[in-house]
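1. Fold the stuff below for me.
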Amino acid sequence: MIKRKQQQISCPSGESGFTIIESLVALLVVAILLTAIAPVIVLATATRVQSRRVELATQAAKTFIDGVRTGAIEAPSEVITGSLEPPTEDIPRTLADNLINSTDKMPAPTALTKTNLYCFNKNGQFTPPPDCISDLFYIQASRINVTTTETEAKKLAEIGYRLGIRVYRADADFPLTASTADTKNTQTPFTGGLGSRKAPLVEMTTDIASTNTSFQALCQRLGIATNKSCQ
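-> The predicted structure is shown next:
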């Protein structure tokens, strides 16, 4: 007796695979999501890069200051006089006296010259132009002296001076800009693009004194107490 085999009937499943329309819809959804989050990713990346750039510029400025104080870096040759008058009881020091601006104290660089710019290289060394190799920043530095009748270089060094510093990007676009007496013009850590190639990353001032600097010289540079005069 011959047994007949029953044929198995396979029912089509509704989940056997994606159709072309479903695949196109999935691609469209992914494209919409990428379009929505792409600006956020770009903004976050640009802000992170700019913040890191400002942080490194600040470290470079502090390293330069330490080098000048210890004598490892020669004092800037550019001297600005006539913009810092000695304080008096009637005209004491103000906050504006401690800041630098491109109006009357420290003009912004117009070209890459050896007199007022230093290159901060990736190896941590400072070199004057045009000996710049793989530089990270340009540092503008100037001595700001209190108005005095003294002309001898040795005595001027003993008196000390105020050091003004600006740090610019290595890809700076000359002529550069800087803060004025009325408007602060430095780059912020937050940016939606590449940031400005003309504005400084950092602006700061500090006092440079020697072991022979007198109290009177410091008083005339830093300021005096209310109703007091430098003796």
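2. where do the helices sit along this protein?
-> In the chain, the helices defined using DSSP state H lie at 20-70, 153-159, 215-222.
3. okay, those helices, which one's buried deepest?
-> Looking across these with neighbours counted as mean count of other CB atoms under 10 Å, the highest average goes to helix 215-222: a mean of 17. C-betas here are computed from N, CA, C, even on glycine.
4. which other residues reach it?
-> 84, 86-87, 93, 146, 158-162, 207, 209, 230-231 (CB atoms under 8 Å, 6 or more residues apart in numbering).
5. what do you get for stretch 187-196?
-> The set of residues that contact stretch 187-196 without belonging to it, under CB under 8 Å, 6+ apart, is 42-43, 46-47, 50-51, 53-54, 169, 177, 199-201.
6. cutoff 7 Å now
-> 43, 46-47, 50-51, 54, 199, 201 (CB atoms under 7 Å, 6 or more residues apart in numbering).
7. quick one, what contacts Thr205?
-> When contacts are counted by CB under 7 Å, 6+ apart, Thr205 touches 98-100, 162-164.
8. any idea how far Tyr138 is from the residue lying closest to Thr177 once chain neighbours are set aside?
-> Excluding the flanking residues, the one nearest Thr177 by CB to CB, 6 or more residues apart in numbering is Lys198, at 4.7 Å. Between Lys198 and Tyr138 the distance is 12 Å, computed by CB to CB, to the nearest Å.
9. okay, those two: which has more neighbours?
-> A count of neighbours by other CB atoms under 10 Å puts Tyr138 above the other of Lys198 and Tyr138, at 26 against 17.
10. quick one: contacts for the spatially most central residue of the chain?
-> Centroid check for the chain by CA atoms, centre = their mean gives Leu201 as the closest residue, at 2.1 Å. Shown here is Leu201, whose contacts under the criterion CB under 7 Å, 6+ apart are 53-54, 57, 167-169, 186-187.
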